[in-house]
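In: Let me see the structure of the following:
(chains A, B and C)
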Amino acid sequence: MKNPLFQYVLSLADDALIIGQRLSEWAYRAPFLEEDIALSNISLDLFGRANLLLEYASEIKGGGTCADDLAFKRNEREFFNHLLCEQPNGDFGKTIVRQFFFDSFYLLFLTRLAKSKDLQLSAISQKSLKEVTYHFRHSSQWVIRLGAGTQESHEKLQNAVNVLWVFTDEFFNMNDIDKMMVKQKIGVDRQALKVEWDKEINKVLKKATLKRPEKGHIISGGKEGIHSEHLGHLLSDMQYLQRAYPDAEW
Amino acid sequence: MSTNELPLWEVFIQPKTGAPFQHAGNVHATDKEMALQNARDLYTRRMEGTCIWVVKADEIVSSNSNDQESFFDPANDKVYRYPTFFKVSKKAKGL
Amino acid sequence: MQDNYESVFQDKVDAENKIEPKDWMPDKYRKHLVRQISQHAHSEVIGMQPEGNWITRAPSLRAKMVLIAKVQDEAGHGLYLYSACETLGITRDELIQQLHNGKAKYSNIFNYPTLSWADIGAIGWLVDGAAIVNQQSLRGTSYGPYSRAMIRICKEESFHQRQGYEIMSKMSNGIPKQREMAKDALDRWWWPSLMMFGPHDADSAHSSHAVKWKIKRHTNDELRQLFVDRTVKQADLIGLSIPDPDLKWNDKRKHYDFGEIDWDEFWEVINGNGFCNRERMNNHINAHKEGQWVREAALAYARKTKNGE
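Out: Reported below is the predicted structural model:
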């Protein structure tokens, strides 16, 4: 069985990497120039976090692996991000709702992970917390503006919430590795975050005049490398140069 | 054609604690929160600043530079407002 | 009265003092500045597209982050310049309209496609290199807000050129396929970069007033020569050769002589027949259209809550 700590760190890295990649697709396409800068700022923060985590993961793995090897040479079944992260951008509303679910979860998660016995994870979390706080402010404010803005924006946001809701539960699943890490006081009890997350989400959704969907079909599998069909396309784009020129250094 | 024009806000940055705020430029935003975030993203990307003020552009009152001569001290002959004009005996202390 | 204002204005300019937004200025001066500053701003924004094209495919995490930061800077530069332009009594909406209906232009260079990763290197090295030569000259421009925007932009530009040069350097010292890619990119981007400085001085329509009013501080040919002299040396250092058989050091002039630009190509591209003209414009128009509901919603929300209290 793979080193559980390696797996744990990799999963956290993949979340940041994949959603960062999605955000970076918004270059020159945002609703106005100021927002272009805001989104690319957030994607830079996420790539920074992914890089730190991938560097740590490659340390754990050893054997001369580096962060780029992990980012550019793994295949679809070897990525362990949550499914929400790889969902396509859609319109600005869908991107913002995806970001809102992600940021609200990670704000709670990283606050706990900052107390990890693992010094690296603790340090990375503390550094990321400042950024995530800012990201959450940005995405939640936009959810409110768009939810409570016009009839059109309200409908688009409600639709986005309905479509992406099925991917939120996955964040609170504890697989064997999560359980192992919690036992070692390295990882975070995800289930324990659910109640607080619900509270925070409900606050924002209320201000945004948006309805919280009924609990229905849940989709998960990302942490086991079972992904939606979107990930393959994302990776073939992202990894293209390294795969086309395996002997080259960039 | 409807106007989608986002209102204009002027941005002032304090480069470091205790320093005076300096005008950096402007941003477009629809509310205070967005204006602050946009100002931060645009003007402090390279860590230039400890504090940001944003003010709606139409709230700013400005003197007219054509009135410069009457609004500020007129003419070069009235230099007596400046302390260097007075020749004070070095023996006088506390000035 | 007008003559008096005009001479006060010209005295200010001659004395290297800045003209500020509320100062009296000749109408032609204002119009010239709106045109020049807005076109500069549009160029920064359209320039995000050829480079943005390679963000998702950047070959390393570091390269990706550096490229995102660069494209983000370009958006920022666009904003500084729109900001300066708006002080002249024109709105952002009007500026965008002018871009969309073709009334305002943007730099031709961005109508060329980025076909390989090496193009990203070539753009940083050559296109930003040429822009830097132009922008450093503009720091001394007479209009205050424009000058301050240029000083800010120049501070941020040098990392852009270094990023591009580093990519070209790495590739020209890499595996054969990378060297080929680098050479191919240089071959395609060299001449368009020279065209960035505009027509020869003798053929340039707007020059004389621009010089009198200290909007423009150096001529097209002067700047182009400076760029060539600098860049040839940089190419030598990394073992790349400039695609110009007439390129030769002239010991008398103490400058490089270089070949004649294909002015037909220059005018074709300016007049809309470049490779990517339509795409660049459509991308900008579509992004603006698709963002309409967002801008409307944000405005509506602000009104409902009285400016976000």
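In: Spell out which parts of chain A neighbour chain B.
Out: A:32, A:34, A:37, A:38, A:41, A:137, A:138, A:141, A:145 (C-beta under 8 Å from any C-beta of the partner chain). (Glycine included, C-beta is placed from N, CA and C.)
In: gap between the closest residue to chain C within chain B and residue A:138?
Out: Ranking the residues of chain B by distance to chain C (C-beta to the nearest C-beta) places residue B:31 first, at 2.8 Å. The gap separating residue B:31 from residue A:138 is 13 Å, by C-beta to C-beta, to the nearest Å.
In: again, but for residue C:181
Out: In terms of C-beta to C-beta, residue C:181 sits 38 Å off from residue A:138.
In: now residue C:184
Out: Noted for residue C:184: a distance of 41 Å to residue A:138, by C-beta to C-beta.
In: With neighbour numbers in mind, choose between those two.
Out: Neighbours per residue (other C-beta atoms under 10 Å in any protein chain shown) separate residue C:184 from residue A:138, with residue A:138 holding more: 23 against 15.
In: got the contact list for the more buried one?
Out: A:38, A:42, A:99, A:103, B:37 (C-beta atoms under 8 Å, 6 or more residues apart in numbering or on different chains).
In: pretty sure the last one is in contact with residue A:139, am I right?
Out: In this case it means residue B:37. No: Residue B:37 is not in contact with residue A:139 according to C-beta atoms under 8 Å; the separation is 11.2 Å.
In: How about residue A:188, nearest residue that isn't a chain neighbour?
Out: Leaving aside its sequence neighbours, residue A:188 sits nearest to residue A:112 (C-beta to C-beta, 6 or more residues apart in numbering or on different chains; 4.4 Å).
In: how many neighbours does the one you found have?
Out: Count around residue A:112 with other C-beta under 10 Å applied: 15.
In: where does residue B:25 fall, phi/psi-wise?
Out: phi 150, psi -150 (degrees, to the nearest 10).
In: Give me the neighbour count for residue 36.
Out: No chain was given, so I picked chain A. Look at residue A:36: counted by other C-beta under 10 Å, it has 28 neighbours.
In: nope, chain C please
Out: Residues near residue C:36, counting by other C-beta under 10 Å, number 20.
In: Does it touch residue C:215 like I think?
Out: Yes: assessed by C-beta under 8 Å, residue C:36 is found in contact with residue C:215 at 6.6 Å.
In: What ranges does chain B have for its helices?
Out: Using DSSP state H, the helices of chain B run over B:32-43, B:68-71.
In: Point out the most buried one among the ones you listed.
Out: Most buried of the helices of chain B, by mean neighbour count (mean count of other C-beta atoms under 10 Å in any protein chain shown): helix B:32-43, with a mean of 22.
In: Please name every helix or strand in contact with it.
Out: helix A:33-61, helix A:119-147, strand B:8-14, strand B:22-28, strand B:51-56, helix C:61-86 (3 or more C-beta pairs under 8 Å, 6 or more residues apart in numbering or on different chains; DSSP states H and E).
In: The residue nearest to residue A:188: helix or strand, and which one exactly?
Out: helix A:92-113 (DSSP states H and E).
In: which of the residues in that helix are buried?
Out: A:92-111, A:113 (16 or more other C-beta atoms under 10 Å in any protein chain shown).
In: what does stretch C:201-220 give?
Out: C:204, C:207, C:210, C:213, C:214, C:215, C:216, C:217, C:218, C:219, C:220.
In: which residue packs closest to the fifth one, ignoring adjacent ones?
Out: If the residues on either side of it in the chain are set aside, residue C:214 comes closest to residue C:142, at 4.0 Å by C-beta to C-beta, 6+ apart.
In: Go ahead and confirm the one you found touches residue C:14.
Out: No: applying C-beta under 8 Å as the test, residue C:142 and residue C:14 come out as separate, 9.6 Å apart.
In: Between these two, which has more neighbouring residues?
Out: Neighbour count, other C-beta under 10 Å: between residue C:142 and residue C:14, residue C:142 has more, with 23 against 12.
In: Tell me which residues touch that one, please.
Out: C:12, C:13, C:18, C:19, C:213, C:214, C:215.
In: what do you get if the cut-off is 7 Å, keeping everything else the same?
Out: C:13, C:18, C:19, C:213, C:214, C:215 (C-beta atoms under 7 Å, 6 or more residues apart in numbering or on different chains).
In: pretty sure residue C:270 contacts residue C:109?
Out: No: counting by C-beta atoms under 7 Å, residue C:270 does not reach residue C:109; the two are 10.9 Å apart.
In: In terms of pLDDT, where does the residue nearest to residue A:188 sit?
Out: Note on residue A:112: pLDDT of 98.
In: For residue A:173, see how far away it is.
Out: For residue A:112 relative to residue A:173 (C-beta to C-beta), the value is 16 Å.
In: Could I get the phi/psi values of the residue of chain B closest to chain C?
Out: According to degrees, to the nearest 10, residue B:31 has phi -140, psi 170.
In: And the pLDDT at it?
Out: 94.
In: And residue B:15, by the same measure?
Out: 88.
In: Over to the one 5 residues further on?
Out: Here the pLDDT value assigned to residue B:20 is 93.
In: how close does it get to residue B:54?
Out: Counting by C-beta to C-beta - residue B:20 and residue B:54 are separated by 17 Å.
In: Now residue A:113. Nearest residue, chain neighbours left out?
Out: Setting aside the residues directly before and after it, residue A:113 is nearest to residue A:125 in space (C-beta to C-beta, 6+ apart), at 4.2 Å.
In: Name the helix or strand for residue A:212, please.
Out: With DSSP H and E as the test, residue A:212 turns up in no helix or strand.
In: How about the residues of chain C by chain A?
Out: C:45, C:48-49, C:52, C:55-57, C:59-61, C:63-65, C:68-69, C:71-72, C:75-76, C:78-79, C:117, C:170, C:174-175, C:177-178, C:283, C:287, C:290-291, C:293-298, C:300-301, C:304 (C-beta under 7 Å from any C-beta of the partner chain).
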